[in-house]
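> show me how the following folds:
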Amino acid sequence: MAQSTVKKQQPSPVVVAESEPTVGIIVIDNGGFNTKILSQDMESPIVIDSKKAFGHNNYNNFKSANDYPEGTYKIKWKGKYYFLGLLALRSRRELTGFTSTKSTDFFILSVLQSCALWGYDINYIMTSTPYLRYSIEEQELINSRLRGDHEIEINNKVYMFSIAESVVAPEALIASYANKKQGIHRWLDLGSRTVGFASTQGYGDFFDSIGGDSCGTIEKEGLEITRVLEDKEGEELREHLSEYVENIYNYLSPIWDDNDNITAFGGGALEPILIEELQKRYPNLEVDEDPLTLQVRGMMAYALTPEVYGSEEEYDEEN
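Numbering: from 1, shown residues only. Got it, this is the predicted structure:
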């Protein structure tokens, strides 16, 4: 009997569909004390600690990304390691955020970390710099380090992404876009490195800044509020904050009227004693409902205007 030949069935080729890269807008308010992040797909901003220290690769208690405590990061970038969160306590070599430019590794790394963890494959971003330093040179220094392709390792996981476009916004003034006030309005940013101030005018659909000296930055008056609260208490704390307020008042009194309508925001606006001292000088000063994230919300509102990246609908259609 002749043997029958069994024809082997060839396996069908496996077709792997390439996924389309994600594209979106993300804004990062990269401060000296904390970083606020908001993408066009987030319902509310994320706030993380900005402080960083030089690290190493010898600490391996956390094997995978899921093992790291919340807010703790080991970052490898351009061959160097950085510790954030609890790991930063293991290093004495802290990076400083008190620099004359926000183009340094301290601030650039905050942006790249934000894009890697909460951004897109292709990012259209906005970041910020103090109003006083808002120059073409400063913008180019920052943007030249951000535009392009990036690779960064965070908690043992490698992220690759690109920043297609980067825009730098002036701090304090940009916050006003989160809540466009009618009439003449003042904005006071009680930050960790500097105090920013801005003035706007709104009449119906018209909204714009008031130029000249009405917007600016008070250098060397940043308030490391957590350190102040740790080091001082009671009457000593109140005296310290009273002197701090007087420095601000002396700077702004030739520009602002005492009875102007003012919105305070930033980390310092979270301290009731400080606000009480400010309201002695400015009785119409109020704190934003979410003072820590007002600026990043204003950044997103402005990023979605036709002057920058357009509305979300227009942006999705174009990309």
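
> and the top helix by length along the chain, what's buried?
Scanning the chain for the helix with the most residues, using DSSP state H, yields helix 234-252. Buried residues in helix 234-252, counted by 16 or more other Cβ atoms under 10 Å: 237, 240-241, 244-245, 248-249, 252. (Glycine included, C-beta is placed from N, CA and C.)

> show me where the stretch 201-319 of the chain dips below the pLDDT cut-off.
Scanning the stretch 201-319 of the chain with the threshold set as pLDDT under 70 gives 220-229, 311-319.

> what is the subsequent helix or strand relative to the longest helix of the chain?
Counting by DSSP states H and E, the element after helix 234-252 in chain order, helix or strand, is strand 262-265.

> and that next one, what does it pack against?
In terms of contacts (3 or more Cβ pairs under 8 Å, 6 or more residues apart in numbering; DSSP states H and E), strand 262-265 is packed against strand 183-190, strand 285-287, helix 294-303.

> if you count contacts, what does the longest one end up packed against?
In other words, helix 294-303. Checked by 3+ Cβ pairs under 8 Å, 6+ apart, helix 294-303 has strand 23-30, strand 34-39, strand 122-129, strand 157-170, strand 262-265 packed alongside it.

> now the end-to-end length of stretch 148-161.
Length of stretch 148-161, first residue to last, Cα to Cα, to the nearest Å: 9 Å.

> sorry, back to before: kindly reformat the helices and strands packed on strand 262-265 as JSON lines containing distance to residue 153.
Listed next are the helices and strands packed on strand 262-265 as JSON lines, based on distance: least, Cβ to Cβ, whole Å:
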{"stretch": "strand 183-190", "distance to residue 153": "33"}
{"stretch": "strand 285-287", "distance to residue 153": "39"}
{"stretch": "helix 294-303", "distance to residue 153": "25"}
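
> which of the ones you listed is buried the deepest?
Counting by mean count of other Cβ atoms under 10 Å, helix 294-303 has the highest mean neighbour count of the helices and strands packed on strand 262-265, with a mean of 25.

> now do the SS call for residue 152.
Three-state assignment for residue 152 (DSSP: H, G, I helix; E, B strand; the rest coil): strand.

> ok, it to residue 86 distance?
In this view, residue 152 and residue 86 are 20 Å apart by Cβ to Cβ, to the nearest Å.

> the two - which one has more neighbours?
residue 152 (20 against 15; other Cβ atoms under 10 Å).

> contact partners for that one?
75-77, 112-113, 116, 158-159 (Cβ atoms under 8 Å, 6 or more residues apart in numbering).

> can you rerun that using 10 Å?
75-78, 82, 109, 112-113, 115-117, 158-161 (Cβ atoms under 10 Å, 6 or more residues apart in numbering).

> let me know how buried residue 209 is, in neighbour terms.
When neighbours are counted by other Cβ under 10 Å, residue 209 registers 17.

> can you check residue 168 too?
Counted with other Cβ under 10 Å, residue 168 comes out at 24.

> what does residue 203 give?
Burial of residue 203, expressed as a neighbour count using other Cβ under 10 Å, amounts to 10.

> how many other residues sit next to the residue lying closest to it once chain neighbours are set aside?
Nearest residue to residue 203 in three dimensions, chain neighbours excluded: residue 182, at 6.9 Å (Cβ to Cβ, 6 or more residues apart in numbering). For residue 182, the neighbour count with other Cβ under 10 Å is 13.

> same check, this time on residue 91
Residues lying near residue 91 (other Cβ under 10 Å) number 17.

> how much space between it and residue 45?
Plainly put, residue 91 is 28 Å away from residue 45 if you go by Cβ to Cβ.

> now do the contacts for residue 104.
With contact set as Cβ under 10 Å, 6+ apart, residue 104 has these partners: 95-97, 141-142, 145.
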